[in-house]
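Visitor: how does the following fold in three dimensions:
(chains A, B and C)
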Amino acid sequence: MAERERDPYILEIPFTDSSFGLQGTWGLGNQLFVHSWNPYMMEGAQNINMKQFGTHIHEVLWEVDMHGPVTRKLVNETHNIFVTLQNLAKETSGSSLKPLLVKASKQYRSVLKACQLYLRSMLDCEESEERVYMFEEQIKIFDITELIWSLCEILWIDVAPGGIMMSQLLEWLRWHFSEGNSLYTDIQREEQPEHHKDYWDCIYRLVLQGQVDKVRILLSKHPSFRMDAFQSMDEVLRKMPQFSQLYRGNSLSEFEMKWRHWRSDIERRLGSQEFAISDNLTIIARILCGEESVFSELKDLCETWYHMLVSKMLYQKPTIQSIDLHFSIQTCMNEYRSDGRLGEYDSILSSAFEFDIHQVIKDCSAALSGWWFVAHLTDLLHHCGQLESHRLQFGSNLREFLLLDYATSLMSHRSLWQVGIDYLDSCPEFGRQYLELFVEKIPIESERKAHKVLSVCEKRNMSEQVKSICKMMGMQCIKNKRLGAALSWFLRSKDVAFATLIAEKFLMEYNENGQFSNLDVIDNLGPNMLISSRLTFLGKYREYHKLYEEEELHAAGSLLLSLLTSRLAPREFWVTLLRDAITLLEVKEIIYGSKETYELMHCLEELTKDRQYLTPDQDPDDLADLKQTTDLLNLALTRNLARSIVMEGNIKFS
Amino acid sequence: MADATVNAKFVSQKISKIRWRPSHDQYTQESDVFASGSWDDEDCKVCLWRWPAGESMVDDDGLEFDSGRDLIELSSAPHYGDVSGLEFLSTDSIVVASSTGSVSLYKHHRSSQELNISSKWEGIHHYPSGKGCPCTCVATQGDDLVVSAGEDGRINVLNVSRKEPLRTIDKANSCTVNGITFLMQLEVISVDSSGQLKVFDLKQSSDEPCKVFSTLGEQIPIQCISRHPTQHHIVAAGGHDGVLSVWDLRQDKFPVTLLEAHSAPMWEVKFHPSNPDHLFTCSEDGSVLHWDGSSVSSLVTGTGAGSGGGSLFTQHSQQNSGSSNLGITSPWLAIESGRQKMDITTLLPNQTLPVNTIDILSQTLLAGSDEESIYMLDVPGIR
Amino acid sequence: MFVSKSIQSDHKDLIHDVSYDFFGRRMATCSSDQTVKIWDQGEDGEWSCSASWKTHSGSVWRVTWAHPEFGQVVATCSFDRTAAVWEERDGECRADDQYKSWIKRTSLVDSRTSVTDVKFAPKHLGLQLATCSADGIVRIYEAPDMMNLSQWSLQHEISSSLRCSCLSWNTSRRHPPMIAVGSNDRNSSVGGKLQIYEYNDATRKWNKVETIAMVTDAVHDVAFSPNLGRSYHMLGIATRTLKIITMEPLRRDAALSGQTGLTKFELRQVADFDDHNSQVWRLCWNVTGTVLVSSGDDNKVRMWKGNYLGNWKCIAEMKGDGTRVDMENRNSTNQKDVNKSQVPTRNYRRQSDVTYHTEMGPPQGTMNIRRSDGWPTFNTKKDQSKVNIL
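Guide: Alright, predicted model coming up:
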């Protein structure tokens, strides 16, 4: 079948002169910003009359069908069914998967139905005309969607054994064409049912849907029921073979034989004028015989060509196989074509009856807007094996293509991104790539949301994205002067460079103010400090402070020395450390022995040699200050050396 | 134990907070009204719902279900920014924290079922630039005292009758404060992203915490905290790694027990208000767990059941002898010895999206999730 | 498809470029009025102008955002022969001087002619940006310390010998850094108007690897599509027609490229549309590189999408509705009203079966879905899993 191409959709932008240029820029997802402009200006054109341009920027959105409060229920509820199904499909295969797929399909439909009912209930209490219109449109769409879906379910998902699906089709009819049943309920309540103006219409409708039991009840209420003609009809209806027999062990040929017997019986009765006294009964008999012309006469009661198709097949060829249905489509469609009653949806249904899955999906995605329906249906068909290569060349790609489009429309919504991600997960080819692009673009307003986005990434081993998001959060904290919080983000992503940067900021702060801020974080670094040597130094140096405060001077002293000798301390911090050493050298008790003192002297010497740190580009005051420190230190060290040698000598000799 | 009945309702908003309204009547615990707050949407809302008591019926398959029981929306009011905290102050007033840095007081007028903001503390959480910074949690005490904390590491003490905060602890934390709760009339405990618990005495003028507790090892952020309803020295906290930790605040600075259960951040933990041997948690991994400690307490008085097989949970005991000296009255401190049985039940199946919030009153547990649904679970066997 | 809202930009002259930040929550606009405006989307979804300042002494052609890892940074380029980098001072500004909250970190003054395009490199290349100018020179600058945005050094100058109009970085991580540069030189005899440059790590030089000969008309805009892990690169080109080409790197053949070390590509044109009649001026890919929008001489914006077979086709077009702008009205709107100046959507929605509603905003009601056969019914035994801890 030739592809039915669709023309591009045309949108008019308000407040915009059509004789001037327009420019479009993408937002996130399905969002475009359009404004007027003139390219020739950049080319050097002058004197463009500004009055003719708009300086409005217009936000254009599309595929927002799933963003309304009612459809959001649909999105969220079916999401769970979808995810469950994907997991089941991974674990199960073949015949054990089929009942699960049927169940899923029914679940999808029941959610759809529930949303539809909900919309109906809202319609009743809605006053705004625009809203009412919107609801009605939405209900109509849901209706059609459900109609198509349930047909597809019969044809491809819940396939009856041998392809004999007449009883399913009848149920499909009863579900979607409920006029007969509701008339039936009304008429039953009447005292004199036969006087109801639709008494016979109702009976025909029920006959056309194969609801013979109800027909018999209605007929039995007729005052002439005792007459032979009525009795004969009742007998015929009672004897009509039931499809349930087909499933209860009767073979197909047995059933067909029974049906032929039954039909020849009624043909005989019709031929012998048994129903001649009543035109109405004759019509019923003609339907039961499957007489071609009677269906045309009753085409208004059939309402649509597909109702006619099923009714006709019921009485003409009840055991027809699904693949043979298409032979009769055209005659039925022709009945309705003249009235102009055929629309876009009819072609979808006819494609379905013709078993052209590809065309059904294609037309549905064009006609039904939004990707919810096609994405889920295609996924089901894919799992049913109906999109295998012998039927379609590019089956699995089509599934992924539609799921990606659906996910994209969800990712365009502020709130539905979490649902979108699960759909991307089930796209083997591009899902991951899409996710990587989208996930970094999810706006993050709070840490809680950041944690949620990070959880998504971590679960999927997206380390690149984790690092990027943490870096962004950390940078934001730095901007907001929350260094402690910034550090926690960099630690989370094990970002050595930035953890070092924060450690340096802390140290700089100490150098300037002589005290640390963010002590609660620094004191609680634990093993985390090991990710960066600068952070280790910070943690250890702070430990030295604590020891000093607790007057654990020996421990403090050896820690300080080890910070210097292990080269853990950055060179520019040595002066500060050596200054700290002075205080330790001056206490009464000897903290550093001769060996340690030598080591300290060695450090000082090394520092003095390294001119870079002794003659920095500082003002003379600082330089003098530095000079004073070294002098002081030299003095203190020498004194301490003397003291320690004396003491060590004493120990040795005593 | 009988199974829970779960009712789900799709509400077209991702639920960040859910709380039962305190009972009007002091003597019964029952309530059928609760409040919810939503997040991460163009228009977030605070809603009040009624969940009427239902009659149980048995359907064709012999399964029990409630008939004609439907969640009713009583009223709703818009909220600017994500709802990051929500607590009832009294039966008709709700304190709501916003990701924009404000805290609002919503009043519910029963006669008209109207819900609206009666007062608002604008921008009480902010950065040095003055830009608003997400408030992350609120807690209430009595019917007029509120504390709030935020990503700015600030703690505000509010009185509903005053426009300005009574007190602000500016540098309460260098990291983000994720949860806060009252320990006593004027004492609060906060948990933060550096994995610490800090107790602040609001009577003291010092901004320093009077006690600090921390987990060992790496700094795992703590996301939530709940105080034991009767034994105020016991608190349970939920970690970013999904670990439940129980602390005895009379003890040293480390947790009594660490129990691994969730595979992702734990967003809320709740002791059952009247039956504190039961504890409930929910998590980013989409699960809601019921921790039943009642069997533990019964075993404590016994000879000590022998252990069998490997433990599913890593347990961490700091003070092996500590708690027994104090005379065990709570199963939460008894499990440390590692020999007692703790039943853990998954309450919500098939849930793929995160559950952000839970609350329990009497037999009904509420859960709010990112799947834009509210779950109402009947948990039998608890009163 | 519908116009959901219209924002009065309040620019006093033509807008040349609108650029979104990484998250689509902030927008920068630049105009011939020499200013740049920053727009922020509030929690309620409304856009409001948070900053507006004079950036250049000539028309501002382009504005572009750096990756948020580097903070809140935009770059601009102008007719005044300079490009500039601006950073938002977050911690420093007060509410009252919001219009000064963006400060100039650097002015890039190397060009002697109008700077026609400026683009930040993909973030994995660090903080780099490329400019191109009418004198045919592409310049690549780098800020070695991302905490200090006032230090930019000119790393490379590439002379393309044709006046440049536009450039685009390839965002693919798996290939060496690559830039496409377009020229709007109208002389079609000088050959291909689109050049591809690739950075060679070993020589630390940018080399021209390809001149796309199939593009001989003036090129007004060029954009690499996000890579999606494909082996080939995809380029959208706005020239006399809208072209989409793919470039598949060929395996390095020692004999062919051994001496030069240059990558060779197999070029393929996947689409060539002349719907815009004459010139196509601008184009822009969506996040995933699956839909392209173009604007052209027919005064329309068109949207193009490839199907699952890789066939591209126009799926939508946007055009002015012919109404003139009410200048008086425009001048009278002040900042506050601007934010509220939403155009009611329904008037501009066309009845079509493609879209049938915009938003469903009915009051919240109740719907408790309770079906015996379907989800959700939880009251079965298997839903309960019990775990014991010992």
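Visitor: from now on I want contacts and neighbour counts done on CA atoms only, so please keep to that.
Guide: OK.
Visitor: residue A:551: neighbouring residues, count only.
Guide: The number of residues packed near residue A:551 is 11, by other CA atoms under 10 Å in any protein chain shown.
Visitor: check it and give its pLDDT.
Guide: Residue A:551 is assigned 88 on the pLDDT scale.
Visitor: ditto for the one 3 residues further on
Guide: At residue A:554, the pLDDT value in this model is 89.
Visitor: could you do the one 10 residues further on as well?
Guide: pLDDT recorded at residue A:564 is 89.
Visitor: ok, it - how many residues close by?
Guide: 20.
Visitor: give the contact list for it.
Guide: If you count contacts by CA atoms under 8 Å, 6 or more residues apart in numbering or on different chains, residue A:564 has them with A:574, A:577, A:603.
Visitor: ok so it is a strand residue?
Guide: No. Per DSSP: H, G, I helix; E, B strand; the rest coil, residue A:564 lies outside any strand segment and is helix.
Visitor: residue of the stretch 301-450 of chain A nearest chain C, please.
Guide: Residue of the stretch 301-450 of chain A nearest chain C, by CA to the nearest CA: residue A:441 (4.7 Å).
Visitor: is it true that that residue touches residue C:25?
Guide: No. Using CA atoms under 8 Å as the test, residue A:441 is too far from residue C:25 to be in contact (9.8 Å).
Visitor: ok, which stretches of the stretch 251-383 of chain B are strands?
Guide: B:257-260, B:266-271, B:278-283, B:288-292, B:342-346, B:355-361, B:364-369, B:373-378 (DSSP state E, counting those that start in this stretch).
Visitor: and those strands as JSON lines, adding mean pLDDT, distance to residue C:118 and mean neighbour count?
Guide: Formatted as JSON lines, those follow (pLDDT from 0 to 100; distance: least, CA to CA, whole Å; neighbours: other CA atoms under 10 Å in any protein chain shown):
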{"stretch": "strand B:257-260", "mean pLDDT": "86", "distance to residue C:118": "52", "mean neighbour count": "21"}
{"stretch": "strand B:266-271", "mean pLDDT": "96", "distance to residue C:118": "44", "mean neighbour count": "26"}
{"stretch": "strand B:278-283", "mean pLDDT": "95", "distance to residue C:118": "45", "mean neighbour count": "26"}
{"stretch": "strand B:288-292", "mean pLDDT": "92", "distance to residue C:118": "51", "mean neighbour count": "21"}
{"stretch": "strand B:342-346", "mean pLDDT": "85", "distance to residue C:118": "55", "mean neighbour count": "19"}
{"stretch": "strand B:355-361", "mean pLDDT": "95", "distance to residue C:118": "43", "mean neighbour count": "26"}
{"stretch": "strand B:364-369", "mean pLDDT": "94", "distance to residue C:118": "44", "mean neighbour count": "26"}
{"stretch": "strand B:373-378", "mean pLDDT": "92", "distance to residue C:118": "46", "mean neighbour count": "21"}
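Visitor: near chain C at all, stretch A:448-467?
Guide: No. Contact between stretch A:448-467 and chain C is absent, the nearest approach being 9.9 Å (criterion: CA under 8 Å from any CA of the partner chain).
Visitor: where does chain A dip in pLDDT?
Guide: A:1-7, A:15-21, A:39-55, A:247, A:249, A:339-341, A:369, A:388-396, A:611-622, A:652-654 (pLDDT under 70).
Visitor: can I see the domain layout of it?
Guide: Domains of chain A are assigned by automatic domain parsing as A:67-164+A:355-425, A:172-320, A:551-654.
Visitor: quickly find the element holding residue A:336.
Guide: Residue A:336 is part of helix A:329-337 when elements are defined by DSSP states H and E.
Visitor: next, the buried residues of the helix or strand following that helix.
Guide: Sequence-wise, the next helix or strand downstream of helix A:329-337 (DSSP H and E) is helix A:344-353. By neighbour count on 16 or more other CA atoms under 10 Å in any protein chain shown, the buried set for helix A:344-353 is A:345, A:346, A:347, A:348, A:349, A:350, A:351, A:352, A:353.
Visitor: tell me the angle of helix A:344-353 relative to helix A:329-337?
Guide: 170 degrees (axes from the mean of the first three to the mean of the last three CA atoms, to 10 degrees).
Visitor: just the CA atoms of helix A:344-353, as PDB, please.
Guide: C-alpha atoms of helix A:344-353 as PDB (Å, rounded to 0.1, in the frame of the first residue of the first chain):
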ATOM      1  CA  GLU A 344      -9.000   9.000   8.800                       C
ATOM      2  CA  TYR A 345      -9.900   6.500  11.500                       C
ATOM      3  CA  ASP A 346     -11.700   4.200   9.000                       C
ATOM      4  CA  SER A 347      -8.600   3.800   7.000                       C
ATOM      5  CA  ILE A 348      -6.700   2.800  10.100                       C
ATOM      6  CA  LEU A 349      -9.300   0.100  10.900                       C
ATOM      7  CA  SER A 350      -9.300  -1.100   7.300                       C
ATOM      8  CA  SER A 351      -5.500  -1.400   7.400                       C
ATOM      9  CA  ALA A 352      -5.900  -3.400  10.600                       C
ATOM     10  CA  PHE A 353      -8.500  -5.800   8.900                       C
END
